[in-house]
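# okay, predicted coordinates and the sequence, questions at the end:
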Amino acid sequence: MPTDDFRRAALPLFSAGLVDAVEWSVDVRYAEGMPVWFSGLLDFYSQQGRLYAHGVHYSTLTAGTRPHHAEWLQVAADATQARTFQHFSEHYGFMVAGGFRRGAPMPLPNSPTVLRLGRERLAALKDATGLPVGLENLALAFSRRDALAHGAFLEALLEPSGGFVLLDLHNL
């Protein structure tokens with residue numbers, strides 16, 4: 001969040017050495033560009049080995065191949081060439097369908113087709129970034145049974161890539 005409000009609120013924490021690591025959503029673009037102070041902050045944490053990459057808009061489980069995915073992977077690859085990250089995480093679910101391209105990631109039924117698609121997308125992300133890849137737990141589910149099945153399905157999705165789950169407490 002490269003805003004002046006964030007800078008003023010967080011600067012005392014950074015100055016006191018109270019921030020151990022920074023996660024940056026590499027695919028979020030800023031209308032005014034990235035301020036110098038924010039770029040310097042990312043560079044510092046990168047050099048210290050305490051910078052983590054996160055994606056928001058890959059839409060890992062969107063059906064079909066779209067130009068959006070290739071463009072997004074290029075953004076991820078460019079970001080990981082510019083700075084050193086420890087890993088790369090992305091949202092579990094889909095955010096793109098037809099003309100729709102916004103909102104919280106939505107769930108999909110646990111099926112062999114969805115499993116294959118997710119594994120392919122994670123492999124592409126790992127190839128593009130050269131980093132360990134993971135998925136953030138999903139906030140939404142079709143039902144209680146679906147919510148309880150997320151853990152096992154995430155494990156099946158991540159197993160071939162040796163991936164990890166990023167636990168977002170807000171999504172719980």
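Done, it's in. Numbering: from 1, shown residues only.
# okay, R66 and L122: tell me how far apart.
As judged by CB to CB, to the nearest Å, R66 and L122 stand 17 Å apart. Glycine gets a C-beta too; all of them are placed from N, C-alpha and C.
# ok, the two, which is more surrounded?
Counted by other CB atoms under 10 Å, R66 and L122 do not tie: L122 has more neighbours, with 24 against 13.
# so for that one, what's the pLDDT?
What the model reports as pLDDT for L122 is 96.
# check contacts around the closest residue to it other than its chain neighbours.
Spatial nearest neighbour of L122, excluding adjacent residues (CB to CB, 6 or more residues apart in numbering): S161 at 4.7 Å. Residues in contact with S161, defined by CB atoms under 8 Å, 6 or more residues apart in numbering, are R119, L122, A123, K126, V133.
# and those, which is closest to F6?
The closest of these to F6 turns out to be V133 (CB to CB; 27.0 Å).
# let me see the ranges of the strands in the protein.
All strands of the chain, identified by DSSP state E, fall at 22-25, 51-54, 88-91, 94-97, 100-106, 133-136, 164-166.
# tell me which of these lies nearest to R8.
Of the strands of the chain, the one closest to R8 (CB to CB) turns out to be strand 22-25, at 17.0 Å.
# so what touches that closest one?
L41, L42, Y45, R50, L51, Y52, A53, H54, G55, V56, S89.
# and which of these is nearest to V26?
Looking across these and measuring by CB to CB, the closest to V26 is A53, at 5.2 Å.
# V26 is in contact with the closest one, correct?
Yes. Contact status for A53 versus V26: in contact at 5.2 Å, counting by CB atoms under 8 Å.
# spit out the residues that contact these two alike.
A76, A79, T80.
# my guess is the second one meets M34, correct?
The one in question is A79. No. Counting by CB under 8 Å, A79 stays clear of M34, with 11.5 Å between them.
# higher neighbour count, the two?
For A79 versus M34, the count of surrounding residues by other CB under 10 Å is larger for A79: 20 against 11.
# gap between that one and T3?
20 Å.
# again with T65
35 Å.
# quick one, helices of the protein?
Ranges of helices in the chain, per DSSP state H, are 4-15, 36-47, 67-82, 112-129, 144-158.
# what's the closest of those to L169?
Comparing those by CB to CB, helix 144-158 comes nearest, at 14.8 Å.
# check what contacts the closest one and list those residues.
Residues contacting helix 144-158 (CB under 8 Å, 6+ apart): 92, 107, 109-110, 115, 118-119, 122, 133-135, 137-138, 141, 163-165.
# any idea how far L61 is from S15?
41 Å.
# for stretch 49-62, buried residues please.
Judged by neighbour count (16 or more other CB atoms under 10 Å), stretch 49-62 contains these buried residues: R50, L51, Y52, A53, H54, G55, H57, Y58, S59, T60, L61, T62.
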